[in-house]
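J.: Build me a model from this:
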Amino acid sequence: MIALILAQTIAITGGTVYPVSGPKIEQATVLIRDGKIAAVGANVTIPADATRIDATGKWVTPGFIDGAGQMGLVEISAVGGTREAAQRSDTIAASFNVTEGINPASQLIAVTRIEGITTTLATPAGHLVSGQAVLIDLTGATIEEMTAQSPVGIVADLSEGAKDEGGGSRAAVSQLLRDVFRDALEYERRKTDFTRAQMQPLSASSADLEALLPVLHGRLPLIVLANRRSDIETALRLAREFKLRLVLAGAQEAWEMAAEIASAGVPVLVQPLDNIPSYDALGVRYENASLLAKAGVKVVLLETDTHNSRNLRQQAGNAVSYGMTWDEALRAITLSPAEVFGVAGRYGSLEPGKVANVVVWSGDPFEFSTAVEHVIIRGKEIPLTSRQGELLQRYKTLPPTY
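T.: As a prediction, this is how the structure comes out:
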């Protein structure tokens, strides 16, 4: 449930509007009222009390959605006191929801939103099953005001990084995950026996087994980090066995089996600028996103470094330079992530009734020289200020030294 911040009536006029859900509209108006988009088109009646934003010669898009990172959960990576994304004690932490660890006052939020990113995922990390990811808007003084959807999926790791969770073997990791899934279903069937201690010990706590049931019944996706082709194949195999709604993340070698992923109807979250081989992904290449899109896979583009989430539009621009169409790339950072995370009815495109997350750009948002001119989140215009900007102004002119 969205807690709407006191909003304005705003009319963005004269710009080229890219709704994403349909073709671009020249010299159009986006009318915003009560935090929602009220109308989009070339012949929109503008109320007398509306605040007007002249977007003549500008581009207007939905706010971008970054489906990765730990926004609000980390401030300084090297300082443990600023990290909130991991529950260290359990290999299986499915019940761990990161929401109450989010810091609405994080300095990274302002830095990110003034570059056109209005919504991000806040993800848990650190275990085979690390917990529940949530979607947040980058505005609001409280967690309740920020939260767009909680949870949007449970995060699991089948990459090289999870080997220690299985004693050093990928095979043991996948078997442990199977055991946990089976135990969750057994727990559901025999809850009474469990509470009476009349069944054998299970592989996770009752809270974690309970949290996995929405995944095992298809109500919530399992977001699986897997880069190597064989790990992606394991994730697909598990999805078939347990009838899961799978979302692949990372997926650096996914291009090698794009047709199989498309056939399975599995969306993929990828960072286009990954191309440095590792033992976890010797086949990584810049064209990964475009080859997946050409095969019919729903692709979501990411910037996985929370401190650089603001660079999401450069990730999209590079995806275009390596074969994605411009329209595919725009969709991959707006409507596609909204669809994958189950909020497409409220986010991801400029349509009446949707949350008014809107950005006005000086030109093509995927070009380096383009500037953000206005950011509107939940119907409220956001000042284009950040601590970095304030420091720049403070020290732009230094006092003379003698």
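
J.: Quick check: which element contains Ala289?
T.: Ala289 belongs to helix 288-294 when elements are defined using DSSP states H and E.

J.: what's that helix packed up against?
T.: helix 258-264, strand 268-270, strand 299-301 (3 or more Cβ pairs under 8 Å, 6 or more residues apart in numbering; DSSP states H and E). Quick note: C-beta positions are derived from backbone N, CA and C, even for glycine.

J.: Redo these as JSON lines? Include mean pLDDT and distance to Gln107.
T.: Converted to JSON lines, the helices and strands packed on helix 288-294 look like this (pLDDT from 0 to 100; distance: least, Cβ to Cβ, whole Å):
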{"stretch": "helix 258-264", "mean pLDDT": "98", "distance to Gln107": "37"}
{"stretch": "strand 268-270", "mean pLDDT": "98", "distance to Gln107": "25"}
{"stretch": "strand 299-301", "mean pLDDT": "98", "distance to Gln107": "24"}
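
J.: Of all those, which one is nearest Asn227?
T.: Ranking these by proximity to Asn227 (Cβ to Cβ) places strand 268-270 first, at 10.0 Å.

J.: Give me the buried positions along the helix ranked longest in the chain.
T.: Longest helix in the chain, counting residues (DSSP state H): helix 170-189. For helix 170-189, a neighbour-count test (16 or more other Cβ atoms under 10 Å) marks 170, 173-174, 176-177, 180-181, 183-184, 186-187 as buried.

J.: next one: stretch 40-56
T.: Neighbour-count burial for stretch 40-56 [16+ other Cβ under 10 Å]: 40, 50, 53, 55.

J.: With distance to Arg196 and pLDDT as added columns, please give the buried residues of helix 170-189 in TSV.
T.: Shown next, in TSV, are the buried residues of helix 170-189 (distance: Cβ to Cβ, whole Å; pLDDT from 0 to 100):
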residue	distance to Arg196	pLDDT
Arg170	37	95
Val173	32	96
Ser174	32	96
Leu176	26	95
Leu177	28	97
Val180	22	97
Phe181	23	98
Asp183	17	96
Ala184	19	96
Glu186	15	95
Tyr187	13	95
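
J.: from the residues you listed, which is closest to Ala259?
T.: For the buried residues of helix 170-189, the nearest to Ala259 is Ser174 (22.8 Å; Cβ to Cβ).

J.: who's in contact with the longest helix of the chain?
T.: Contact with helix 170-189 is made by 91-92, 128-129, 156, 158, 160, 162-163, 165-166, 194, 199, 202-204, 206, 208-210, 212-213, 216, 230-231, 234, 238, 241-242, as judged by Cβ atoms under 8 Å, 6 or more residues apart in numbering.

J.: Now, those that are in helices?
T.: 194, 206, 208-210, 212-213, 216, 230-231, 234, 238, 241-242.

J.: my read: Ala122 touches Gln70, true?
T.: Yes: in this structure, Ala122 is within contact of Gln70 by Cβ atoms under 8 Å, at 6.0 Å.

J.: Spit out the residues that contact these two alike.
T.: Shared contacts of Ala122 and Gln70 (Cβ under 8 Å, 6+ apart): 85, 98.

J.: mind giving me the domain ranges of the protein?
T.: Domain assignment of the chain by automatic domain parsing yields the ranges 1-63+348-402, 64-346.

J.: averaged over its residues, what pLDDT does the first one have?
T.: For domain 1-63+348-402, the per-residue pLDDT values average out at 92.

J.: can you give me how far that domain is from the chain middle?
T.: Relative to the centre of its chain, domain 1-63+348-402 is centred 20 Å away, using Cα atoms, centre = their mean, to the nearest Å.

J.: is it true that Val111 touches Gln388?
T.: Yes: counting by Cβ under 8 Å, Val111 touches Gln388, with 6.0 Å between them.

J.: Which of the two has more residues huddled nearby?
T.: Using other Cβ atoms under 10 Å as the criterion, Val111 and Gln388 rank with Val111 on top: 19 against 12.

J.: rewinding a little: out of the contacts of helix 170-189, which are buried?
T.: Among these, those buried by neighbour count (16+ other Cβ under 10 Å) are 91-92, 128-129, 156, 158, 160, 162-163, 165-166, 194, 199, 202-204, 208-210, 212, 216, 231, 234, 238, 242.

J.: Tell me where the chain has helices.
T.: Using DSSP H, helices in the chain cover 107-113, 143-146, 170-189, 191-195, 206-216, 229-242, 258-264, 288-294, 312-321, 326-331, 335-340, 387-395.

J.: could I get these as JSON lines with distance to Gly80?
T.: Formatted as JSON lines, the helices of the chain follow (distance: least, Cβ to Cβ, whole Å):
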{"stretch": "helix 107-113", "distance to Gly80": "17"}
{"stretch": "helix 143-146", "distance to Gly80": "21"}
{"stretch": "helix 170-189", "distance to Gly80": "26"}
{"stretch": "helix 191-195", "distance to Gly80": "35"}
{"stretch": "helix 206-216", "distance to Gly80": "24"}
{"stretch": "helix 229-242", "distance to Gly80": "29"}
{"stretch": "helix 258-264", "distance to Gly80": "37"}
{"stretch": "helix 288-294", "distance to Gly80": "33"}
{"stretch": "helix 312-321", "distance to Gly80": "27"}
{"stretch": "helix 326-331", "distance to Gly80": "37"}
{"stretch": "helix 335-340", "distance to Gly80": "30"}
{"stretch": "helix 387-395", "distance to Gly80": "22"}
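
J.: Could you work out which of those reaches nearest to Ala371?
T.: Between Ala371 and the helices of the chain, the shortest separation by Cβ to Cβ is 11.4 Å, and it involves helix 312-321.

J.: For the closest one, give the mean pLDDT please.
T.: 97.
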